[in-house]
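>>> sequence and computational prediction follow.
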Amino acid sequence: MSFSIKNHRLYRDGAQVDYRPTPNKSAGTIDPSVLVFHDTAGRLEKGNSVSWLVNPEAKASAHVVVERDGFVTQLAPLNALCWHAGRSGFEGHAGVNGFGIGIEIVNPGIMSGSPSADFAMAWWKERFDVTDEALEYVSTPEHGRGWWMDYTPEQIEAALGMAIAIVGKYPKIATPQRLTTHWTISPGRKVDTNPLFPLEKIRSRVFGRADPEPIDADDDGGLYVETVTGLNLRRWPSRNDNVIGTLPLGTRCRVIRSGVYADGFPEARWHLVAAVLDGVPQEGWVHSGYVTELG
């Protein structure tokens, strides 16, 4: 499964995802520099949250909703100014709606009940059996204490796939910290995503892990690679729409650093290289599967 973006619309395995436009957005467009994950904090029935977020009475929306089975519905172009963040700020800039993409993940949010209770109760009074392995009682300073429902593997896979595509498409979302959560941008006011959300795992899969220190690659040493085919030089270590240009077969490049990144699925090793493209020095990423290491 892989996601791509064309004209700010999401595609999954080449087909556009379900699209239901929301009226709950402002005129104009944004230049996204943050991706914010949210919980719907609502019922789990498929379509329930989408129906609410396209209702003018909600006065709230998001760009995307992810159901429990991983089904994705887009509510607005990814450069639309949607009303998902409310009163918020990021790195000294207020009003995250003006520069953030919002992904809502279907989840009931915090549920009441003591740690020894037989059930946890959602805000709409639905009871969930605490013997369900998807429920966990957790207390954190940021979230308070209560019962929380885990995210499904299908939801995490969809969230990760979209994050990879979004980071590849919008270059201002350039660091792991720019994949964030509602409680981070609205501290004390919001508690989503819940404490079970694997944000660090998603960040590491998108931006890389086990990335060594930059290699000393001066004229007397260091690592070089040579392309074994015509190979795209990319802005990011991803096969999404981020090509700088094509390096011809046999191009020799100096490696700046390397790391394992989420190349869709599964992960793959990439090299950040210094190359010359059409006579112009360029830095960009190449996939290790299409180069030979020269040492």
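Happy to help now that I have it. Numbers count the residues shown, from 1 in each chain.

>>> now the strands: where do they sit in the stretch 151-295 of the chain?
179-181, 224-227, 231-234, 243-247, 252-262, 267-277, 280-287, 291-293 (DSSP state E, counting those that start in this stretch).

>>> any chance of these in TSV with distance to residue 7 as columns?
(Each C-beta comes from the backbone N, C-alpha and C, glycine too.) What follows is the strands of the stretch 151-295 of the chain, written out as TSV (distance: least, C-beta to C-beta, whole Å):
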stretch	distance to residue 7
strand 179-181	23
strand 224-227	31
strand 231-234	20
strand 243-247	17
strand 252-262	24
strand 267-277	27
strand 280-287	24
strand 291-293	32
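
>>> mean pLDDT and distance to residue 113 added to those, as TSV?
Output for the strands of the stretch 151-295 of the chain, formatted as TSV (pLDDT from 0 to 100; distance: least, C-beta to C-beta, whole Å):
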stretch	mean pLDDT	distance to residue 113
strand 179-181	97	23
strand 224-227	92	56
strand 231-234	92	49
strand 243-247	90	52
strand 252-262	85	36
strand 267-277	86	38
strand 280-287	89	48
strand 291-293	91	55
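
>>> which one of those lies closest to residue 51?
Closest approach to residue 51 among the strands of the stretch 151-295 of the chain (C-beta to C-beta): strand 179-181, 24.0 Å.

>>> mind listing what's buried in the closest one?
Across strand 179-181, burial judged by 16 or more other C-beta atoms under 10 Å covers 179, 180, 181.

>>> same question, stretch 94-101
So for stretch 94-101, counting by 16+ other C-beta under 10 Å, buried means 96, 97, 98, 99, 100, 101.

>>> show the average pLDDT along it.
On average, the pLDDT along stretch 94-101 is 97.

>>> wait, residue 89 touches residue 99, no?
No. Here residue 89 lies out of contact with residue 99, judged by C-beta atoms under 8 Å, at a distance of 10.9 Å.
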